[in-house]
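K.L.:
how would this look folded up:
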Amino acid sequence: MSKKLLQPIGQKRLTNVAVVRLKKHGNRFEIACYPNKVLSWRSGVEKDLDEVLQSQTVYSNVSKGVLAKSKELIAAFGTDDQSKICLEILNKGELQVAGKERESQLSSQFRDIATIVMQKTINPETQRPYTISMIERLMHEIHFAVDPHSSSKKQALEVIRELQKQFPIKRAPMRIRLTVPENTSSSLVEKLNAWEATITARDTSGSQLSFVSLSIW
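P.N.:
As a prediction, the model looks like this:
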């Protein structure tokens with residue numbers, strides 16, 4: 001008679017996962033995610049939850065495959081709806097990664113931040129963007145360190161402010177079109193001037209006036 005290895009009820013093992021952990025109400029809750037997807041979700045790059053979660057299941061220990069008990073979920077989250085709880089853990093929990101994985105993720109986020117900085121800034125002398133390699137070099141020079149718990153966009157804005165203190169760099173202007181009734185155009189022009197915006201074009205159509213403006217907002 002052949003023998004089979006039986007997996008205990010209440011266990012569901014997963015491999016090659018990124019674990020996000022949240023401690024609440026005295027208990028530990030974990031979810032299993034695909035590697036390199038958690039930070040993409042939190043930065044807004046990834047919007048499909050199915051591409052992030054390996055399963056909409058809450059564990060007390062992912063590595064051992066132990067599922068969280070329903071009564072513990074209700075006590076901690078006020079519900080045992082696993083989909084809602086997974087989302088809360090994904091957004092608020094701590095990503096558990098090994099040393100090499102953490103280094104890879106920090107390096108990837110550093111590149112993401114540098115890319116955002118490059119897209120939002122220009123060299124005021126040439127009126128052209130810096131290259132990504134130049135931005136990364138400048139970030140190293142100001143000793144910038146990635147915060148894995150903060151979004152790439154927020155950190156990019158902080159980097160721009162720090163770079164402006166030491167290097168010739170400024171926010172790239174946005175081109176916007178504003179259409180207003182002609183009798184209110186003077187007040188709009190005053191505001192644009194106050195915002196140091198540059199009006200590049202005007203167009204009158206009937207009783208309305210359109211402006212094309214370059215502005216840093």
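K.L.:
longest helix anywhere in the protein?
P.N.:
Identified as the longest helix of the chain according to DSSP state H is helix 99-120.
K.L.:
how far out from the middle of the chain is it?
P.N.:
The chain centre lies 11 Å from the centre of helix 99-120; the measure is C-alpha atoms, centre = their mean, to the nearest Å.
K.L.:
which residues belonging to it are considered buried?
P.N.:
Buried residues in helix 99-120, counted by 16 or more other C-beta atoms under 10 Å: 105, 106, 109, 110, 112, 113, 114, 116, 117, 118, 120. In short, each C-beta sits where N, CA and C put it, glycine included.
K.L.:
which ones are touching the residue most central in space within the chain?
P.N.:
What sits nearest the mean C-alpha location of the chain, by C-alpha atoms, centre = their mean, is residue 43, with 1.4 Å. By C-beta atoms under 8 Å, 6 or more residues apart in numbering, the contact list for residue 43 reads 109, 112, 151, 152, 153.
K.L.:
strands of this protein, residue ranges please.
P.N.:
18-24, 27-33, 59-61, 66-67, 94-96, 121-122, 170-171, 174-181, 198-205, 208-215 (DSSP state E).
K.L.:
quick one: contacts of the first one?
P.N.:
Right, strand 18-24. Contacts of strand 18-24 (C-beta under 8 Å, 6+ apart): 28-38, 62-63, 76-77, 88-90, 92-97, 101.
K.L.:
for it, buried residues please.
P.N.:
Residues of strand 18-24 classed as buried: 18, 19, 20, 21, 22, 24 (neighbour count, 16+ other C-beta under 10 Å).
K.L.:
for the fourth one, which non-adjacent residue is closest in space?
P.N.:
Translated: residue 21. residue 30 (4.9 Å; C-beta to C-beta, 6 or more residues apart in numbering).
K.L.:
repeat for the second one
P.N.:
Residue nearest to residue 19 in three dimensions, not counting chain neighbours: residue 96, with 4.3 Å by C-beta to C-beta, 6+ apart.
K.L.:
and that neighbour, how close does it get to residue 105?
P.N.:
Residue 96 sits 12 Å away from residue 105, taking C-beta to C-beta, to the nearest Å as the criterion.
K.L.:
what pLDDT does residue 101 get?
P.N.:
With respect to pLDDT, residue 101 has a value of 67.
K.L.:
if you could redo that for residue 114, that was the one I meant.
P.N.:
95.
K.L.:
can you check residue 70 too?
P.N.:
For residue 70, the predicted pLDDT is 95.
K.L.:
pretty sure it contacts residue 79?
P.N.:
No. Residue 70 is beyond contact range of residue 79, at 10.0 Å (criterion: C-beta atoms under 8 Å).
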